[in-house]
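Undergrad: coords below, sequence missing:
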């Protein structure tokens, strides 16, 4: 079973920030939080990951709470091409990654 | 961009046929995986490998088999395809041994068994 929980679906207006939450209340101290997304019929694509600190790259920002029990993926200016299923996964060295059902994000024009 | 390739992209085949789904990566990654995904459903790990001559079964039982003779190549074989094998098969690789392992996925093979 997946070690994270996410909302089943979310909508976001085009051009606005999309904030996708993830709960990982049982995460251990050395486990990272990873985000992937899957656009229809394609293989999942890596977005970002973090351990304790907030992270930002060209695709998104990752905000991890101080207690590390939850995180938020932020797409600062969502476009229609960001419509996808977003997966939040926790894991560490040597573990196999378990994908849950993820959040289906719909970016609306 | 990830350099992991799957062929064929689509495969329609009759019951009882033997099939092999190809997966190759050019990143020198030691660890490779096969996931199975039905439409609108979660990905399930069916096989993985730590390196040459290593193969392990994943969380979801599968009638398929895999081999790892070369680092870059991780084919999946079904000896006798059945309609219940109809699904999307996704191959992935990662750089095993680093603290944070990023998965790189191929585009997938959509298998339809008639």
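TA: It's in. What you see is a predicted model, and the numbers here were worked out from it, not measured in a lab. Numbers count the residues shown, from 1 in each chain, chains lettered A, B, ... in the order given.

Undergrad: Nearest spatial neighbour of whatever residue of chain A ends up closest to chain B, chain-adjacent residues omitted?
TA: Of the residues in chain A, the one nearest chain B is residue A:43, at a distance of 3.0 Å by CB to the nearest CB. For glycine as for every other residue, the C-beta is placed from the backbone atoms N, C-alpha and C. Nearest residue to residue A:43, sequence neighbours excluded (CB to CB, 6 or more residues apart in numbering or on different chains): residue B:105, at 3.0 Å.

Undergrad: on that earlier part again, wait, the residue of chain A closest to chain B touches residue B:110, no?
TA: No - applying CB atoms under 8 Å as the test, residue A:43 and residue B:110 come out as separate, 11.6 Å apart.

Undergrad: out of the two, which sits in the more crowded spot?
TA: More crowded of residue A:43 and residue B:110, by other CB atoms under 10 Å in any protein chain shown: residue A:43, with 23 against 17.

Undergrad: Quick one: residues contacting that one.
TA: With contacts defined as CB atoms under 8 Å, 6 or more residues apart in numbering or on different chains, the neighbours of residue A:43 are B:90, B:91, B:92, B:105, B:106, B:107, B:108.

Undergrad: What's opposite the residue nearest the centre of chain B in the beta bridge?
TA: Against the mean C-alpha coordinate of chain B, by CA atoms, centre = their mean, the closest residue is residue B:34 at 3.1 Å. Here residue B:34 sits in beta bridges with residue B:47, residue B:91, going by DSSP bridges.

Undergrad: From residue B:54, how far out is it?
TA: In this structure, residue B:34 and residue B:54 are 14 Å apart, going by CB to CB, to the nearest Å.

Undergrad: pretty sure the residue of chain A closest to chain B is in a strand, no?
TA: No - judged by DSSP: H, G, I helix; E, B strand; the rest coil, residue A:43 forms no part of a strand; its state is coil.

Undergrad: what about residue B:74, distance to residue B:47?
TA: Per CB to CB, residue B:74 is found 8 Å from residue B:47.

Undergrad: what residues are up against the nearest residue to residue A:82 once chain neighbours are set aside?
TA: Nearest residue to residue A:82, sequence neighbours excluded (CB to CB, 6+ apart): residue A:107, at 5.1 Å. The contact partners of residue A:107, taken as CB under 8 Å, 6+ apart, are A:11, A:12, A:13, A:14, A:18, A:78, A:79, A:80, A:81, A:82, A:83.
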